[in-house]
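Participant: show me the folded form of this:
(4 chains)
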Number of protein chains: 2
Amino acid sequence: MRGYDKHAFEPSAVTVDLAVLTICRGALHVLLVERGQEPYAGRWALPGGFVRPEESAEDAARRELAEETGLADVSGLHLEQVRTYSDPDRDPRMRVVSVAFAALLPDPPQPHGGGDAAQARWVSYESAGPLAFDHDRILADAHDRVGAKLEYTCLATSFCPPEFTLGELQQVYETVWGTALDRPNFRRKVLATPGFVAQVPDAARLTGGRGKPAALYRAGGATVLRPPLLRPTTEGRPS
Amino acid sequence: MRGYDKHAFEPSAVTVDLAVLTICRGALHVLLVERGQEPYAGRWALPGGFVRPEESAEDAARRELAEETGLADVSGLHLEQVRTYSDPDRDPRMRVVSVAFAALLPDPPQPHGGGDAAQARWVSYESAGPLAFDHDRILADAHDRVGAKLEYTCLATSFCPPEFTLGELQQVYETVWGTALDRPNFRRKVLATPGFVAQVPDAARLTGGRGKPAALYRAGGATVLRPPLLRPTTEGRPS
DNA sequence: CCAGTTATAGTCGATACGACTATTAAGGGT
DNA sequence: ACCCTTAATAGTCGTATCGACTATAACTGG
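Facilitator: Have a look, this model is predicted:
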C-alpha cells in the first residue's frame, strides 16, 4: 500500500470466475461454457468475465451469474468468495488475476446461452473433464469450500427451494459430500439445531413422491451450525 | 474469461495486504506501518505492496513479509490467503484490488523499519485503532479466519516455536479466541488427536518457569483436527 | 388389498466433552 | 531446610451427542 510514488507497477486485468453449482437429479452439476477462441478453443471453462471499473468483484460475479444463467433475480442467491488466483502464467495471453466465486442454485435453470455467443451447459461434477486454464483447480477448491461450509454453517439451505423437505436437505449433503447419511440421525441433528430450519405451519407435500408425505420446512434464521454436522470419517483429509 | 476481443477492460493495480499476527506477552499483536503520505498520512496501516509482473500474490506476500519483518527465512511460515477486497472506492487515488493474507509468527522479531522509510511497529490487536483504507475490516477478517481455523485445523502450532509446551499451545488458543480454556481438558483433547503434536524424546524444560517443568512437543504431521476443538459456546455467532 | 417406499419415532451403547479434584515437581522466600 | 506458590500432569464423573439400528406410520402403484 505504500510506495505509490517510488515503485512502478504493472497493471493487471482482473476477472471473476464462477463455479455455479446445483443439484440435478441427485448429482452435483456445474455450469460450464465452451470456449470459441484460442487459447483452449473448444475446451470447457468456468463462466466469468472482467471486473468493470465501477464495480467490485462481488458485483461483477453477480452480474455474470445473471448473464450466464438467464435468471431475472439473482439477488437472493448465495455467492461465496473462494480465493484469488494470480499465477503469472495462468493465462498465456496476459497477466490476469482472477477472483473465484462459488454460487449455489436451488434448481437449475435452462442451459442458457448466456450473454455471449458461446454455449453454456450443465455438466455433472465428476465428468467436468479437463477445463481451460487453471479452472480444474478453481472448481475443486470451490467444491472443497462448499463441502466444508456444509459442516459448520447452514449453507445447505441455499441449494434448496424456499420450501423443502428434510429429505431434500439431506440429499444436498449426500450429493456434495458423496456419502450416504443415516436418515433418522440427520433428521435428529437438523431439528435439534435451533434456527437451522423452521417447519411450515400446515401443508405437507402429498402428491409427488410415492411414500409417506414429508413435512415442509423453510430456512431458519441461523447461519452457523454449532456443534457442526461432520461428514462421516473417511480417513482422508480434505483439501 | 471470454470476450477478450469484445469488451474493453480497465486494468487495475493489484496489491497484497498482510495481517502479520504474533503472540507477545500473552496478547495478540499485529504488525503495522505508519503512513507517511496522503491519503491517511500519519495513520497506521497493514503492511503491503504491489504484486510485481513476474510473481503471484503469494510470492508478493512472502516477499513483503520478509521485507517488513526483516526475517531472513520466511519460507517455513504459514501464509493464509484470507480474501480479496475490490471495492472501487477503497483507495481514493485509483482502482486498487488487494489480496489479503494472514501470516503467523512464532516469536516477534524486532519492530523492524522494513524496506521502506516508514516505521513499523507491533501493536496489540485490541488497540489497533482505526487503520487506513479498509484495513480495519481486513484485519478483522484475518482474525476471524485464524480463529476459525484453530477450531478445525492444527494451525495453532504455526504460532509456536519448533519446540513448545502444551501450555504455550493452549495460550495460542486462549489469546486468539480471547477465552480461557480448562487446562486438563485441553491437554486431553490435543493428545487424543493423532498427529497434532509429537513429544520430544527426552528433555523437559526446567529453568524457565516457576512450576513443574513441562514436556516439550513438536508439531505432528496432521493438518486437520477431527473432531474439531470448538471454542466455548458464547451464544454469539462469529462473523 | 398388498407390496414397496418414504417419513418419522424411538432405543441403546460408545464416545466426547465440561467441570472438577488430586498429585507431582519445580522455584522463592524466610 | 521448610513451606507456600505455581504450573504440569493424572484421573473421575455425569451429561450431551452421535452412530447404528429397529419400529411404526402414511402414502402410491399394481
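Participant: now the residue in chain A positioned nearest to chain B, nearest residue through space, not along the chain?
Facilitator: With Cβ to the nearest Cβ, the shortest gap between chain A and chain B falls at A:Pro11, namely 3.3 Å. Any C-beta I mention is one placed from the backbone N, CA and C, and that applies to glycine too. Leaving aside its sequence neighbours, A:Pro11 sits nearest to B:Pro11 (Cβ to Cβ, 6 or more residues apart in numbering or on different chains; 3.3 Å).
Participant: so the one you found is in contact with A:Thr15, correct?
Facilitator: No. Using Cβ atoms under 8 Å, B:Pro11 is not in contact with A:Thr15, being 11.5 Å away.
Participant: these two: which is more packed in?
Facilitator: A:Thr15 (23 against 15; other Cβ atoms under 10 Å in any protein chain shown).
Participant: which residues touch the residue nearest to A:Pro11?
Facilitator: For B:Pro11, the contact set (Cβ atoms under 8 Å, 6 or more residues apart in numbering or on different chains) comprises A:Pro11, A:Ser12, A:Ala13.
Participant: run the last query once more with 10 Å
Facilitator: Neighbouring residues of B:Pro11 by Cβ atoms under 10 Å, 6 or more residues apart in numbering or on different chains: A:Glu10, A:Pro11, A:Ser12, A:Ala13, A:Val14, A:Phe50, A:Pro53, A:Met94, A:Arg95, B:Arg95.
Participant: swap in A:Arg43?
Facilitator: A:Leu32, A:Glu34, A:Arg35, A:Gly129, A:Pro130, A:Leu131, A:Ala132, A:Phe133, A:His135.
Participant: distance to DNA strand D and pLDDT for those - can I get that in JSON lines?
Facilitator: Output for the contacts of A:Arg43, formatted as JSON lines (distance: Cβ to the nearest atom of the strand, whole Å; pLDDT from 0 to 100):
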{"residue": "A:Leu32", "distance to DNA strand D": "34", "pLDDT": "96"}
{"residue": "A:Glu34", "distance to DNA strand D": "39", "pLDDT": "94"}
{"residue": "A:Arg35", "distance to DNA strand D": "42", "pLDDT": "92"}
{"residue": "A:Gly129", "distance to DNA strand D": "33", "pLDDT": "77"}
{"residue": "A:Pro130", "distance to DNA strand D": "35", "pLDDT": "96"}
{"residue": "A:Leu131", "distance to DNA strand D": "33", "pLDDT": "97"}
{"residue": "A:Ala132", "distance to DNA strand D": "38", "pLDDT": "95"}
{"residue": "A:Phe133", "distance to DNA strand D": "38", "pLDDT": "97"}
{"residue": "A:His135", "distance to DNA strand D": "33", "pLDDT": "98"}
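Participant: can you put those in a markdown table and add secondary structure?
Facilitator: Formatted as a markdown table, those follow (DSSP: H, G, I helix; E, B strand; the rest coil):
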| residue | secondary structure |
| --- | --- |
| A:Leu32 | strand |
| A:Glu34 | strand |
| A:Arg35 | coil |
| A:Gly129 | coil |
| A:Pro130 | coil |
| A:Leu131 | coil |
| A:Ala132 | coil |
| A:Phe133 | coil |
| A:His135 | helix |
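Participant: buried residues in the lowest-mean-pLDDT helix or strand in chain A, which are they?
Facilitator: Using mean pLDDT, DSSP states H and E, strand A:197-204 stands out as the lowest-scoring helix or strand of chain A, at a mean of 83. Buried positions in strand A:197-204, judged by neighbour count with 16 or more other Cβ atoms under 10 Å in any protein chain shown: A:Val197.
Participant: put the alpha carbons of stretch A:171-191 into CSV.
Facilitator: Provided in CSV are the C-alpha atoms of stretch A:171-191 (Å, rounded to 0.1, in the frame of the first residue of the first chain):
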residue,chain,number,x,y,z
GLN,A,171,-29.7,-35.0,-0.4
VAL,A,172,-27.7,-31.8,-0.6
TYR,A,173,-25.3,-33.1,2.0
GLU,A,174,-25.1,-36.5,0.4
THR,A,175,-24.6,-35.1,-3.1
VAL,A,176,-21.9,-32.6,-2.2
TRP,A,177,-20.0,-34.9,0.1
GLY,A,178,-20.6,-38.0,-2.0
THR,A,179,-21.5,-40.1,1.0
ALA,A,180,-24.7,-41.6,2.3
LEU,A,181,-26.1,-40.4,5.6
ASP,A,182,-28.4,-42.1,8.1
ARG,A,183,-31.8,-40.5,7.7
PRO,A,184,-33.1,-40.6,11.3
ASN,A,185,-29.8,-39.3,12.6
PHE,A,186,-29.7,-36.5,10.1
ARG,A,187,-33.2,-35.5,10.9
ARG,A,188,-32.5,-35.5,14.6
LYS,A,189,-29.4,-33.3,14.2
VAL,A,190,-31.1,-30.8,12.0
LEU,A,191,-34.1,-30.4,14.2
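Participant: what about stretch A:42-58, start to end distance?
Facilitator: Its first and final residues considered, stretch A:42-58 spans 28 Å by Cα to Cα, to the nearest Å.
Participant: what pLDDT, on average, does it get?
Facilitator: For stretch A:42-58, mean pLDDT is 96.
Participant: please apply the same query to stretch A:80-92.
Facilitator: Stretch A:80-92 comes out at a mean pLDDT of 97.
Participant: any buried residues in it, and which?
Facilitator: So stretch A:80-92, judged by 16+ other Cβ under 10 Å, has buried residues A:Glu80, A:Gln81, A:Val82, A:Arg83, A:Thr84, A:Tyr85, A:Ser86, A:Asp87, A:Pro88, A:Arg90, A:Asp91.
Participant: pick the one among the residues you listed closest to B:Pro194.
Facilitator: A:Arg83 (28.6 Å; Cβ to Cβ).
Participant: is the helix or strand containing that closest one positioned near chain B?
Facilitator: Using DSSP states H and E, A:Arg83 sits in strand A:78-85. Yes. With Cβ under 10 Å from any Cβ of the partner chain as the criterion, chain B is reached by strand A:78-85 at A:Gln81, A:Val82, A:Arg83, A:Thr84, A:Tyr85.
Participant: quick check: phi and psi at A:Arg188.
Facilitator: phi -60, psi -50 (degrees, to the nearest 10).
Participant: what's the answer for A:Asp182, then?
Facilitator: Dihedral pair for A:Asp182: phi -70, psi 130, per degrees, to the nearest 10.
Participant: pLDDT score for it?
Facilitator: On the pLDDT scale, A:Asp182 gets 98.
Participant: returning to what we had before: tell me the one of the contacts of B:Pro11 nearest DNA strand C?
Facilitator: A:Val14 (41.6 Å; Cβ to the nearest atom of the strand).
Participant: tell me how far the closest one lies from A:Met94.
Facilitator: Distance, A:Val14 to A:Met94, by Cβ to Cβ, to the nearest Å: 12 Å.
Participant: sweet, I'm off.
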